[in-house]
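Trainee: just coords:
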């Protein structure tokens with residue numbers, strides 16, 4: 001019958017052909033079989049001798065961690081430095097000097113600013129692996145091209161839920177004394193940790209463990225903090241970077257620095273209106289053009305049951321509806337405005353504020369005031385992304 005010359009068996013789904021010396025289809029002679037069996041016997045003896053001598057040492061290729069900002073692993077043929085070999089890092093860029101018009105920014109005692117921390121914080125700021133979905137980073141809501149805000153009325157969290165308040169700009173945040181619209185955070189580092197869990201939807205400890213598996217981050221944390229990646233140091237590095245985000249050297253600053261023609265005649269007239277007739281400087285004094293205090297300006301009064309503002313922190317009914325005065329530097333790039341994002345343009349914000357203070361300006365005066373506010377915004381500067 002067909003198949004008699006070579007019986008076939010199936011083991012675990014694999015067809016195995018057995019050698020049958022009586023088969024007419026066999027092309028192996030007795031000598032070939034003898035040579036084959038001798039070779040097999042020699043191989044078995046070699047294996048036994050190796051086992052008696054001890055287990056063989058196997059050279060394993062070191063694992064190649066993903067590069068910062070890249071989720072996929074390296075190709076199989078790639079190699080990585082051995083764990084004992086320190087990674088050579090480029091020098092961290094020098095700390096930027098305060099721009100014209102802003103005072104020097106002192107480092108907080110608990111987190112001195114260093115170039116190494118700032119460079120590490122810049123990498124973390126743009127890295128989506130800090131979020132729960134791996135799709136959102138700090139830069140998703142604080143976009144450099146939008147004045148370190150996001151251009152929307154209210155952003156959404158990593159989980160897709162709308163936020164209660166508008167995303168504020170990061171300009172000159174390092175000069176603040178309390179953080180968040182209601183001042184509920186005593187340090188910038190605490191503010192970052194809070195948003196990390198709420199906005200990015202990931203526990204900072206989990207993210208730090210993930211970063212620790214990337215050799216680039218491990219080396220940078222070791223250089224900046226002398227430790228492996230961990231939650232508090234991550235927040236400190238992010239805060240160090242955010243403290244370098246500033247807005248200065250505006251046309252007004254250059255004018256005050258003696259640069260001829262830096263400020264237009266219309267903007268100079270607007271400065272007079274800003275300080276005197278409209279009295280905007282009462283709450284927006286230089287050099288930050290904010291008093292960093294909390295005021296009830298009647299914005300979003302219908303939502304106070306849901307968002308009581310400063311009263312949420314102090315439990316004082318007098319602080320109901322009070323929010324931090326936003327700084328005016330760079331405001332042309334940070335629309336919309338107010339803590340709820342209800343003013344889509346600078347013109348709309350001016351109209352609302354003048355109405356609350358019952359100040360009447362002519363069309364020419366409004367144009368002059370707007371020209372002055374524009375003079376507080378320098379051009380956007382390019383920010384190198386990792």
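Mentor: Right, received. Where do you want to start? Just so it is clear, the structure is predicted and the values come from calculations on it, not from any experiment.

Trainee: need the contact list for the residue nearest the centre of the chain.
Mentor: By CA atoms, centre = their mean, the mean C-alpha position of the chain lies nearest to residue 125, the distance being 2.4 Å. The contact partners of residue 125, by CB atoms under 8 Å, 6 or more residues apart in numbering, come to 137-139, 142, 238, 241-242. Where C-beta positions appear, they are placed from N, C-alpha and C, glycine not excepted.

Trainee: what are the phi and psi angles of it?
Mentor: phi -60, psi -40 (degrees, to the nearest 10).

Trainee: Identify each buried residue in stretch 287-307, please.
Mentor: Across stretch 287-307, burial judged by 16 or more other CB atoms under 10 Å covers 288-290, 294-297, 299-300, 307.

Trainee: ok, those residues vs residue 313, which is closest?
Mentor: residue 294 (9.0 Å; CB to CB).

Trainee: Show the pLDDT at the closest one.
Mentor: pLDDT for residue 294: 98.

Trainee: Quick check: which ranges of the stretch 101-250 of the chain have low pLDDT?
Mentor: Within the stretch 101-250 of the chain, not a single segment meets pLDDT under 70.

Trainee: neighbours around residue 349, how many?
Mentor: Look at residue 349: counted by other CB atoms under 10 Å, it has 20 neighbours.

Trainee: re earlier: distance of the residue nearest to the centre of the chain relative to residue 192?
Mentor: 10 Å (CB to CB, to the nearest Å).

Trainee: picking that back up, narrow the buried residues of stretch 287-307 to those in strands?
Mentor: Judged by DSSP state E, strands contain the following of the buried residues of stretch 287-307: 294-296.

Trainee: Tabulate those in TSV, adding columns for distance to residue 221.
Mentor: Formatted as TSV, those follow (distance: CB to CB, whole Å):
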residue	distance to residue 221
294	36
295	41
296	43
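
Trainee: Tell me the one of the residues you listed nearest residue 345?
Mentor: In terms of CB to CB, no member of those lies closer to residue 345 than residue 295, at 21.4 Å.

Trainee: quick one, what contacts the closest one?
Mentor: Taking CB under 8 Å, 6+ apart as the test, what residue 295 contacts is 283, 322-323, 325.

Trainee: Can you tell me which of the residues you listed is nearest residue 154?
Mentor: residue 323 (14.3 Å).

Trainee: residue ranges for the strands of the stretch 201-350 of the chain, please.
Mentor: Using DSSP state E, counting those that start in this stretch, the strands of the stretch 201-350 of the chain run over 294-296, 322-324.

Trainee: who does the first one pair up with?
Mentor: When sheet partners are counted by DSSP bridges, strand 294-296 sits next to strand 322-324 (antiparallel).

Trainee: Give the rounded mean pLDDT of the strand it pairs with.
Mentor: Strand 322-324 comes out at a mean pLDDT of 98.

Trainee: likewise stretch 336-343?
Mentor: Stretch 336-343 shows an average pLDDT of 97 in the prediction.

Trainee: measure the residue nearest to the centre of the chain to residue 95 for me?
Mentor: Residue 125 sits 16 Å away from residue 95, going by CB to CB.

Trainee: same check, this time on residue 102
Mentor: Taking CB to CB, one finds residue 102 at 14 Å from residue 95.

Trainee: Neighbour count for the two, which is higher?
Mentor: The residue with more neighbours, out of residue 102 and residue 95, is residue 102; 20 against 16, by other CB under 10 Å.
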